[in-house]
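S.K.: I need the structure of the sequence given here:
(chains A, B and C)
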Amino acid sequence: MPLVKIHVRRNIAEAALHAISGAVHEALVAEANVPPDDRFHILNRLDVHEIVAHPTYGGVNRSDEIVVIEITLNTGRTVEVKKNLYAGIAKRLETLGVRPDDVLVSLIEVTKENWSFGGGRATYA
Amino acid sequence: MPLVKIHVRRNIAEAALHAISGAVHEALVAEANVPPDDRFHILNRLDVHEIVAHPTYGGVNRSDEIVVIEITLNTGRTVEVKKNLYAGIAKRLETLGVRPDDVLVSLIEVTKENWSFGGGRATYA
Amino acid sequence: MPLVKIHVRRNIAEAALHAISGAVHEALVAEANVPPDDRFHILNRLDVHEIVAHPTYGGVNRSDEIVVIEITLNTGRTVEVKKNLYAGIAKRLETLGVRPDDVLVSLIEVTKENWSFGGGRATYA
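M.R.: Alright, predicted model coming up:
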């Protein structure tokens, strides 16, 4: 049920982009109770000038290699789960060479009636 | 008031993409009480590798031709209305050659104060 | 904390696009209590046929030069603040040659636990 959108620089290699997508999914499965099969990602490549990000807001040291991750998911995760999710995403992306300071995550919560994963049916209602 | 974003494969023809957009709008008008003039769509074309979708999650048989539809709309629709909307979108897209299993819909609900449709005014507040 | 996405025609010049982005940010700072350093924008260029917008819905006279602004931000702004934000965005974009009737704003509100601005931390929780 999460729908994930990942915004990155256009010059990233396809394999690196897919590794990032896989790592975000792994963190969702490990930390936020998302089923392993429940993976739906939109990968959005942008020119450098099409991503504007303040270099230090939030107490970090951001580079041009920022990765912006938007996740629409069902409501109900606790603050603790969300904290573990942010940490889990950053930790996994770091193993791929993405600096934790370059990882931005934005969650949008919805109710379970708000999804149709095919067949014209409300998947969870 | 809905803002609709439709993510599709880049190789879709412009006419086919606009037919899909029109069908989604028709379903919103028929099933979710959206005024006929209230149509605002962002059509997002992506390379095949930029859409990641599990082939069977949700009990369907998904293909590369998936159509991901995000709809931001005012809160207040019942579960029944949402179910009819999903069915209505899938039914209309099927007449255009999109398999129902390839139709993913994600709703994001907001309050009516959250829109300005021009003129610097809150359209509904 | 706002994450801003701005959808515009592909043929807009880079400088004009950045001026629009800057003006939206200025309005958020002036009208919605956003810190000056808190600027994160995704700038999305589209072909003319990839933005569908009704020409008059909402009592305006829309052109092909529409600017669609999606803002994800923390909940809690009053209706008055939102109204001032819409007016403030439109007023500032007008000085850049964007007609107020061509400015569409869509707000999505989330809770403060829903953000990580880097370092794997929940920035506000």
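
S.K.: CA only for contacts and neighbour counts going forward, please
M.R.: OK.

S.K.: what about the helices in chain A?
M.R.: If DSSP state H is used as the criterion, the helices of chain A fall at A:14-32, A:79-94.

S.K.: mean neighbour count, those helices: which tops it?
M.R.: Mean neighbour count (mean count of other C-alpha atoms under 10 Å in any protein chain shown) peaks for helix A:79-94 among the helices of chain A, with a mean of 21.

S.K.: contact partners of it?
M.R.: Applying C-alpha atoms under 8 Å, 6 or more residues apart in numbering or on different chains, the external contacts of helix A:79-94 come out as A:20, A:23-24, A:27-28, A:31-32, A:99-100, A:103, A:105, C:113-114, C:116, C:119-122, C:125.

S.K.: next one: stretch A:104-111
M.R.: Contacts with stretch A:104-111, where a contact means C-alpha under 8 Å, 6+ apart, come from A:66-75, A:86, B:107-109, C:3, C:110, C:114-118.

S.K.: buried stuff in that stretch?
M.R.: Neighbour counts over stretch A:104-111 (16 or more other C-alpha atoms under 10 Å in any protein chain shown) mark A:Leu104, A:Val105, A:Ser106, A:Leu107, A:Ile108, A:Glu109, A:Val110 as buried.

S.K.: and which of those residues is nearest chain B?
M.R.: Closest approach to chain B among the buried residues of stretch A:104-111 (C-alpha to the nearest C-alpha): A:Val110, at 6.3 Å.

S.K.: any idea what the closest one is bridged to?
M.R.: A:Asn74 (DSSP bridges).

S.K.: residues from chain A in reach of chain C?
M.R.: Residues of chain A lying close to chain C by C-alpha under 8 Å from any C-alpha of the partner chain are A:46, A:49-54, A:56-58, A:60, A:79, A:82-83, A:86-91, A:100-109.

S.K.: any low-confidence regions in chain A?
M.R.: Nowhere does chain A drop to pLDDT under 70.

S.K.: so which residues on it come close to chain B?
M.R.: So far as C-alpha under 8 Å from any C-alpha goes, chain A lies against chain B at A:3, A:14, A:37-44, A:110, A:113-123, A:125.

S.K.: ok, 6 Å please
M.R.: A:37-43, A:114-120, A:122 (C-alpha under 6 Å from any C-alpha of the partner chain).

S.K.: of those, keep whichever come out buried.
M.R.: The neighbour-count test (16+ other C-alpha under 10 Å) marks A:38-43, A:114-120, A:122 as buried among those.

S.K.: would TSV of those residues with distance to B:Arg9 be doable?
M.R.: Formatted as TSV, these follow (distance: C-alpha to C-alpha, whole Å):
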residue	distance to B:Arg9
A:Asp38	20
A:Arg39	17
A:Phe40	14
A:His41	13
A:Ile42	11
A:Leu43	12
A:Asn114	23
A:Trp115	21
A:Ser116	19
A:Phe117	17
A:Gly118	17
A:Gly119	19
A:Gly120	20
A:Ala122	24
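
S.K.: ok, of those, which one's closest to chain C?
M.R.: Of all these, A:Leu43 has the smallest distance to chain C: 13.1 Å, by C-alpha to the nearest C-alpha.

S.K.: tell me the contacts of the closest one?
M.R.: A:Leu43 makes contact with A:Lys5, A:Ile6, B:Glu50, according to C-alpha atoms under 6 Å, 6 or more residues apart in numbering or on different chains.

S.K.: the last one and chain A, how far apart?
M.R.: When you say that, I think you mean B:Glu50. 5 Å (C-alpha to the nearest C-alpha, to the nearest Å).

S.K.: how far away is that residue from B:Leu43?
M.R.: B:Glu50 sits at a distance of 15 Å from B:Leu43 (criterion: C-alpha to C-alpha, to the nearest Å).

S.K.: so which residue is smack in the middle of chain A?
M.R.: A:Ile69 (3.7 Å; C-alpha atoms, centre = their mean).

S.K.: okay, and the beta partners of it?
M.R.: Where A:Ile69 sits in a bridge, its partners, by DSSP bridges, are A:Ile6, A:Val105.

S.K.: in a markdown table: the helices of chain A, plus distance to B:Arg10.
M.R.: A markdown table is the format used below for those (distance: least, C-alpha to C-alpha, whole Å):
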| stretch | distance to B:Arg10 |
| --- | --- |
| helix A:14-32 | 16 |
| helix A:79-94 | 28 |
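
S.K.: among those, which comes closest to C:Arg10?
M.R.: Closest to C:Arg10 of those is helix A:14-32 (C-alpha to C-alpha; 23.5 Å).

S.K.: quick one: contacts of that closest one?
M.R.: Contacts for helix A:14-32 (C-alpha under 6 Å, 6+ apart): A:Val34, A:Pro35, A:Pro36, A:Leu85, A:Gly88, A:Ile89, A:Arg92.

S.K.: can I get it in PDB, CA atoms only?
M.R.: What follows is helix A:14-32, C-alpha atoms only, in PDB (Å, rounded to 0.1, in the frame of the first residue of the first chain):
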ATOM      1  CA  GLU A  14      19.600   3.100 -13.700                       C
ATOM      2  CA  ALA A  15      21.100   0.400 -11.500                       C
ATOM      3  CA  ALA A  16      21.900   2.900  -8.700                       C
ATOM      4  CA  LEU A  17      18.300   4.200  -8.900                       C
ATOM      5  CA  HIS A  18      16.900   0.800  -8.600                       C
ATOM      6  CA  ALA A  19      19.200   0.000  -5.700                       C
ATOM      7  CA  ILE A  20      17.900   3.100  -3.900                       C
ATOM      8  CA  SER A  21      14.300   2.000  -4.600                       C
ATOM      9  CA  GLY A  22      15.000  -1.500  -3.300                       C
ATOM     10  CA  ALA A  23      16.600  -0.100  -0.100                       C
ATOM     11  CA  VAL A  24      13.600   2.200   0.600                       C
ATOM     12  CA  HIS A  25      11.300  -0.800   0.100                       C
ATOM     13  CA  GLU A  26      13.400  -3.000   2.400                       C
ATOM     14  CA  ALA A  27      13.200  -0.400   5.100                       C
ATOM     15  CA  LEU A  28       9.400  -0.200   4.800                       C
ATOM     16  CA  VAL A  29       9.200  -3.900   5.100                       C
ATOM     17  CA  ALA A  30      11.600  -4.100   8.100                       C
ATOM     18  CA  GLU A  31      10.400  -1.100  10.000                       C
ATOM     19  CA  ALA A  32       6.800  -0.300   9.000                       C
END
